[in-house]
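Peer 1: Prediction below, plus the sequence it came from.
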Amino acid sequence: MTARVFISYSFEDEALYSALSALMDRSDIAQHNISKLLSLGKPLAEQLRTQIDDCDVCVFLATRRSIKSLWCLAELGAFWGAGKRVIIYLADSTLKQSDLPPQLASGRVRFVRASS
């Protein structure tokens, strides 16, 4: 069974997200895009919890914008708290691991740097 992936990203990084999503599509990696799965009238937090339950791993598209996004940090915290694997995709070449929240140094987190 293929792992189901949740991508956490800032909406300001839509172009980077689209490129990563297309790469994952070409690799046949199943991904959940919460913005396409949201239903009007249902609490957002409840819908996010459902997505976290349905996914095996979270890929955090780490940029200067996403590390300042309270929503992205909430998504990361929810995956981390659920004991799910988190992959930090360092998409911004100026970003260092030390720029990220300290709780992401846990053993369940893997860092991947985008190639330049």
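Peer 2: That came in fine, so what should we check first?

Peer 1: ok, then the element right after the worst-scoring helix or strand of the chain on mean pLDDT?
Peer 2: Scoring the helices and strands of the chain by mean pLDDT, DSSP states H and E places helix 34-37 at the bottom, with a mean of 54. Downstream of helix 34-37, the first helix or strand assigned by DSSP states H and E is helix 44-54.

Peer 1: any idea how far the residue of the chain most remote from its centre is from Ala74?
Peer 2: Most distant residue from the mean C-alpha position of the chain: Gly41, 24.1 Å away (CA atoms, centre = their mean). In this view, Gly41 and Ala74 are 21 Å apart by CB to CB, to the nearest Å. Backbone N, C-alpha and C define where each C-beta goes, glycine included.

Peer 1: show me where the chain has helices.
Peer 2: Assigned by DSSP state H, the helices in the chain fall at 14-26, 34-37, 44-54, 70-81.

Peer 1: ranking these by burial, who's on top?
Peer 2: helix 70-81 (a mean of 17; mean count of other CB atoms under 10 Å).

Peer 1: could you say what helices and strands that one packs with?
Peer 2: strand 5-8, helix 44-54, strand 57-62, strand 85-90 (3 or more CB pairs under 8 Å, 6 or more residues apart in numbering; DSSP states H and E).
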